[in-house]
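A.B. asks: next come a sequence and a model predicted from it.
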Amino acid sequence: MRRYSAFAIAREAARYHQGWERAWASPKPKKKYDVVIVGAGGHGLATAFYLGKNFGITNVAIIEKGWLGGGNTGRNTTIIRSNYLQDPSAAIYEKARSLYETMSQDLNYNVMFSPRGVMMLAQTESEVRGYVRTAHANALQGVTTEFISPQRVKELVPIMNIDGPRYPVLGALWQARAGTARHDAVAWGYARACSDMGMDIIQKCEVTGVRQSGGKVTGVDTTQGQIDCDKLAMLVAGNASHLADMAGFRLPMESVALQALVSEPIKPCIDVVVMANTVHGYMSQSDKGELVIGGGTDGYNNYTQRGSFHHVEETVRALVETFPIISRLKMLRQWGGIVDVTGDRSPIIGKTPLGNCFINCGWGTGGFKSIPGSGWAMAETVAKGEPGALASEFGLDRFTEGRFIDESVAAGVAH
Amino acid sequence: MLILECPYCGVMADETDLHGGGEAHLKRYGPGSSDEDFQTYLFHRANPKGVHFERWRHVSGCGKWFHAARNTMTLEVYGTYSAQTYEPPKAIINAVKKKHPEWEGPNMGEAK
């Protein structure tokens, strides 16, 4: 792999950019791999990367039914934060956030991580109490957050109306080191690094069956033929139940559509991420100047990657009160992704009822921010066969034992 | 927009008048059942890509719970029916089979 650098740009400029090589190879699948990872989104690619980097396992295939990073990795609103209430969540999301800080250097790929700060508005008294509690919890967890006053909110985001009649701003939970990153670049950067380590990224290869013998996984049937493996890792977000069904077990989750939209590009007017959980809306401004707006989930099972139109109206209606200047903006695009939501709104990482088959799913509406931490924890789980410290609390067995990581109260919607 | 006919009041209600209640026909387990069964009842859901039997409440109408058969891939609705039943009625099953002859039938909350 040729490294990207200022020198490389100068070199290529001097020869009409003829020397850039493909960022990753697209090989045909081999007969057998040590590890097959289903799903070449951020989580799958990050798992592959840390399997190679931390554990030296490089005989790995990452198979993807569509195109690389074309699922929720390419559909989210790119928010990265770690201000969670529960200790296991804060640990894994903070690990992820800290890995994002050095990701561009680690991958030699500019993921445009922008620690611009994330502000979660408190617009009801109960939210104020909830966020003050979260700020205290974060102090104990070593995550730097603070609860700030409405005046400080106004200083940070001058375009905000903090005295709205329906949704006044009573304060906010502020995480200054949180922010955004370029979501596609995260997938592309990991893919390039994985390909460089000799891993096979196989796109347009849909899993149609899971082969097993004696209670252990032996391989997968795909649209590109049978691929054998010693270990199988499933990281397919909204389709996790569907894949689990092929492997013969059920999951405690439901898949729903979550949608987002962007406005026409305008001059810079907001340089932080604002989340308003009471009204299920969040907003930030992209480098192109578009306002990126995330909405709520649909209230019913759905695999259509569209989302209900009335949720767009609800989200925008509430945001217009908080940000009056957006009232005449045109919206350019709207899209949806299928998120896998568990009962306690926390992910599942760990072993499955099928031997040598591991699962990582249930990130629900908050998967992007956790990509490096999730990959780090999943790689350890796959390599050692047992979850490590970061992942151990997130096992499937927590539903049998009633040992929930209840973020549904703390971060149920905008996540 | 998703539109379902309420089987009680006959109104064609759109989704803003309704509230989804998740998978229908769950087999209920209570005290004395095994941990496994209780967990399955409380948390495990079919979540199929395709035909889904689910509960809905006509919140902005008659307020009653009813059941619907719907396709989660196409958003097609096969029919709605009363909640006073343990399994989908024959007419609904036939409506689904007419559209999808290869369909294997309802997966009634049992793990494979």
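C.D. replies: Thanks, I have it. Residues are numbered from 1 along each chain as shown, chains lettered A, B, ... in the order given.

A.B. asks: pretty sure A:Tyr303 is touching A:Ser255, no?
C.D. replies: Yes - the criterion here is Cβ atoms under 8 Å, and A:Tyr303 meets it with A:Ser255 at 6.1 Å. In short, each C-beta sits where N, CA and C put it, glycine included.

A.B. asks: next, show the common contact partners of these two.
C.D. replies: Contact criterion Cβ atoms under 8 Å, 6 or more residues apart in numbering or on different chains; residues bridging A:Tyr303 and A:Ser255 by contacting each: A:238-239, A:338, B:72.

A.B. asks: show me where the stretch 251-400 of chain A has helices.
C.D. replies: A:309-322, A:371-384, A:398-401 (DSSP state H, counting those that start in this stretch).

A.B. asks: turn those into CSV, including mean neighbour count.
C.D. replies: Converted to CSV, the helices of the stretch 251-400 of chain A look like this (neighbours: other Cβ atoms under 10 Å in any protein chain shown):
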stretch, mean neighbour count
helix A:309-322, 18
helix A:371-384, 25
helix A:398-401, 18
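
A.B. asks: let's have those in CSV, adding mean pLDDT and distance to A:Lys28.
C.D. replies: Listed next are these as CSV, based on pLDDT from 0 to 100; distance: least, Cβ to Cβ, whole Å:
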stretch, mean pLDDT, distance to A:Lys28
helix A:309-322, 88, 42
helix A:371-384, 97, 24
helix A:398-401, 91, 39
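
A.B. asks: relative to A:Ala247, which of the ones you listed is closest?
C.D. replies: If you check each of those against A:Ala247 by Cβ to Cβ, helix A:371-384 wins as the nearest, at 15.3 Å.

A.B. asks: run the chain-centre distance for that closest one.
C.D. replies: 14 Å (Cα atoms, centre = their mean, to the nearest Å).

A.B. asks: do the same with stretch A:182-195
C.D. replies: 13 Å.

A.B. asks: follow-up on the earlier one: among the shared contacts of A:Tyr303 and A:Ser255, name the ones in strands.
C.D. replies: Filtering the shared contacts of A:Tyr303 and A:Ser255 for membership in strands, criterion DSSP state E, returns A:Ile338.

A.B. asks: number of nearby residues for residue 91?
C.D. replies: All of this is about chain A. Burial of A:Ala91 is recorded as 21 neighbouring residues (other Cβ atoms under 10 Å in any protein chain shown).

A.B. asks: right idea, wrong chain: chain B
C.D. replies: Using other Cβ under 10 Å, B:Ala91 has 10 other residues around it.

A.B. asks: now do the contacts for it.
C.D. replies: B:79, B:81.

A.B. asks: can you mark which positions in the one helix or strand it maps to are buried?
C.D. replies: Here B:Ala91 sits within helix B:90-99, counting by DSSP states H and E. Taking 16 or more other Cβ atoms under 10 Å in any protein chain shown as the basis for neighbour counts, the residues of helix B:90-99 that come out buried are B:92-93, B:96.

A.B. asks: out of the shared contacts of A:Tyr303 and A:Ser255, who's nearest A:Glu64?
C.D. replies: Of all the shared contacts of A:Tyr303 and A:Ser255, the one with the least separation from A:Glu64 (Cβ to Cβ) is A:Asn239, at 11.3 Å.

A.B. asks: what's the neighbour count on the closest one?
C.D. replies: Burial of A:Asn239, expressed as a neighbour count using other Cβ under 10 Å, amounts to 23.

A.B. asks: shouldn't it be in contact with A:Ser255?
C.D. replies: Yes - here A:Asn239 lies in contact with A:Ser255, judged by Cβ under 8 Å, at a distance of 7.5 Å.

A.B. asks: now the common contact residues for those two.
C.D. replies: Shared contacts of A:Asn239 and A:Ser255, defined by Cβ under 8 Å, 6+ apart, are found at A:303, A:338, A:340.

A.B. asks: turn those into CSV, including pLDDT and distance to chain B.
C.D. replies: Formatted as CSV, these follow (pLDDT from 0 to 100; distance: Cβ to the nearest Cβ, whole Å):
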residue, pLDDT, distance to chain B
A:Tyr303, 93, 5
A:Ile338, 95, 10
A:Asp340, 93, 8
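
A.B. asks: identify, from those residues, the entry nearest to A:Ile92.
C.D. replies: Lowest distance from A:Ile92 to the shared contacts of A:Asn239 and A:Ser255 (Cβ to Cβ) belongs to A:Asp340, with 16.7 Å.

A.B. asks: distance of that closest one from A:Glu127?
C.D. replies: Summarising the geometry, the distance separating A:Asp340 from A:Glu127, computed by Cβ to Cβ, to the nearest Å, is 26 Å.
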